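**Student:** can you look at this prediction? I've put the sequence above it.
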Amino acid sequence: GAVVSQHPSWVICKSGTSVKIECRSLDFQATTMFWYRQFPKQSLMLMATSNEGSKATYEQGVEKDKFLINHASLTLSTLTVTSAHPEDSSFYICSASFGLARIEQFFGPGTRLTVL
Amino acid sequence: QQQVKQSPQSLIVQKGGIPIINCAYENTAFDYFPWYQQFPGKGPALLIAIRPDVSEKKEGRFTISFNKSAKQFSLHIMDSQPGDSATYFCAASIRGNTPLVFGKGTRLSVIA
């Protein structure tokens, strides 16, 4: 149980285009989902926290107009990178938690974004 | 106060050895301490986690030792295998839906 999927697993796009990444909790309802980015050989950096049905909370320094997060249901959150540029190239990982009932966070397999 | 300091940055052990990875934290409000294993190109996978009311937890070959007074916790991998070669992250959070605070990671290489 507690499986989180991400789609796509990798994407290559041209500079200036927008890319949408989906995060799904497959076998549980995730009241909260988190989005991280990870640069090569570095730790995970939290970008935002999203609760179902409400606006995401962004970490300091993360542009909310550039990284649009939608958490429309208890099993789906999306991250849209708008007007992507090469510096947005990174590994994007989501995680999901049950909420107060269970404290663990379960991570998706990640999405490799390359912006040309 | 939100930092979790992890060491060493990298570690090489021989097969069968017991690598030990250490983490320290400052925020005494943290009450959940998980360890994650990450292989290249994959998302982190939860290995084992501990709460501050116990000093040790074992799951298979993985053991967490927790020292509340010193605000430190460590991961021990018994009988390490080449397949354990990965990056290990410690983390901490406050009970509930709060984000995890990650350490910088330890790249472990287990040599046959």
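**Tutor:** Okay, I see it.

**Student:** counting neighbours, what do you get for residue A:13?
**Tutor:** Residues lying near residue A:13 (other CB atoms under 10 Å in any protein chain shown) number 16. For every residue, glycine as well, the C-beta is placed using N, CA and C.

**Student:** and it, what does it touch?
**Tutor:** Residue A:13 makes contact with A:19, A:84, A:113, A:114, A:115, A:116, according to CB atoms under 8 Å, 6 or more residues apart in numbering or on different chains.

**Student:** what of residue A:5?
**Tutor:** Going by CB under 8 Å, 6+ apart, residue A:5 touches A:23, A:24, A:26, A:108, A:109.

**Student:** state the distance from the last one to chain B.
**Tutor:** The span separating residue A:109 from chain B equals 5 Å under the rule CB to the nearest CB, to the nearest Å.

**Student:** helix, strand or coil for the spatially closest residue to that residue that is not a sequence neighbour?
**Tutor:** Closest residue in space to residue A:109, ignoring its immediate chain neighbours: residue B:43 at 4.7 Å, by CB to CB, 6 or more residues apart in numbering or on different chains. At residue B:43 the chain is in coil, as set by DSSP: H, G, I helix; E, B strand; the rest coil.

**Student:** which of the contacts of residue A:5 count as buried?
**Tutor:** The neighbour-count test (16 or more other CB atoms under 10 Å in any protein chain shown) marks A:23, A:24, A:108, A:109 as buried among the contacts of residue A:5.

**Student:** the third one contacts residue A:23, doesn't it?
**Tutor:** Yes. Taking CB atoms under 8 Å as the contact criterion, residue A:108 and residue A:23 are neighbours in contact, 5.5 Å apart.

**Student:** about what we covered before: farthest-separated two in the buried ones among the contacts of residue A:5?
**Tutor:** Pairwise distances across the buried ones among the contacts of residue A:5 (CB to CB) peak at 11.3 Å, for the pair A:24 and A:109.
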